[in-house]
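**Q** need a 3D model of the sequence below.
(one chain, ligands or ions: 1)
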Amino acid sequence: MNLSSLTECRRCGTCCDKGGPTLHADDRMLIDSGLIPAKHLYTLRKGELVNDSIRGCLLPLESEMIKIKGQNRAWTCVFFDKTGPACHIYEHRPLECRILKCWDTRDIKAVYSQNRLTRKDLLSPIPALWSLIEDHELRCSHVTLRKLLDSKSGGAAAKKTVREMVEYDRSIRMLVVEKAGVELDMLDFIFGRSLSEVFRGRC
Ligand code: SF4
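**A** Numbers count the residues shown, from 1 in each chain. Predicted coordinates for the structure are as follows:
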């Protein structure tokens, strides 16, 4: 498709197929009202290496992002129905989906890193859970992990610390499922993607 010839969205779904949006403060009502259930969200934490879709390269995140999940293990937004093609929440789609114009990216670039929604906004009103998240962030920081893994001199000691962090990440997830009844599909929102998945094969 020749993007330069477009002047309005044709709802072709190409952007939805590439992945769900990052959420911003404007989108909070969608979570609070249940239009977007928390089980459809995941968190990319500070320091995590992610593809920056605006700059077009891999960069460590300066602050966390909450995003809408893909379908199964694909990037396609969980709300996108390819048979339509259609968005199941089109009338209530998040800010980035409303302002994205694939033929003119100036609007999305202007808001992309502004007023991002965070777990603190959504989960700090639940003190017991928020305390676990803060503790997890201290003990399993992506910033620390990346330094350890990139360290040329860390050697065996660094690898041992990384393995301990991965194990703590695994055990805190099991704990909230088994002891607090948290559903499995909430874990990637509450604690971000599991470290064993993110660092598979590196520790
Ligand atoms: S929320 Fe709707 S418009 Fe936005 S990426 Fe998902 S399917 Fe597309």
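**Q** in the chain, which spans are helices?
**A** For the chain, helices defined by DSSP state H occupy the ranges 14-18, 28-32, 95-99, 106-111, 119-123, 127-139, 142-150, 155-180, 187-190, 195-198.
**Q** so which of these comes closest to Lys69?
**A** helix 187-190 (7.4 Å; CB to CB). (C-beta placed from N, C-alpha, C; glycine too.)
**Q** report all helices and strands that that closest one contacts.
**A** In terms of contacts (3 or more CB pairs under 8 Å, 6 or more residues apart in numbering; DSSP states H and E), helix 187-190 is packed against strand 41-44, helix 119-123, helix 155-180.
**Q** report the buried residues of the longest one.
**A** Within helix 155-180, the residues that qualify as buried by neighbour count (16 or more other CB atoms under 10 Å) are 158, 162, 165-166, 169, 172-173, 176.
**Q** dump the residues you listed to CSV, plus pLDDT and distance to Thr83.
**A** Formatted as CSV, the buried residues of helix 155-180 follow (pLDDT from 0 to 100; distance: CB to CB, whole Å):
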residue, pLDDT, distance to Thr83
Ala158, 84, 49
Val162, 89, 43
Met165, 95, 42
Val166, 95, 39
Asp169, 97, 37
Ile172, 97, 39
Arg173, 98, 34
Val176, 96, 36
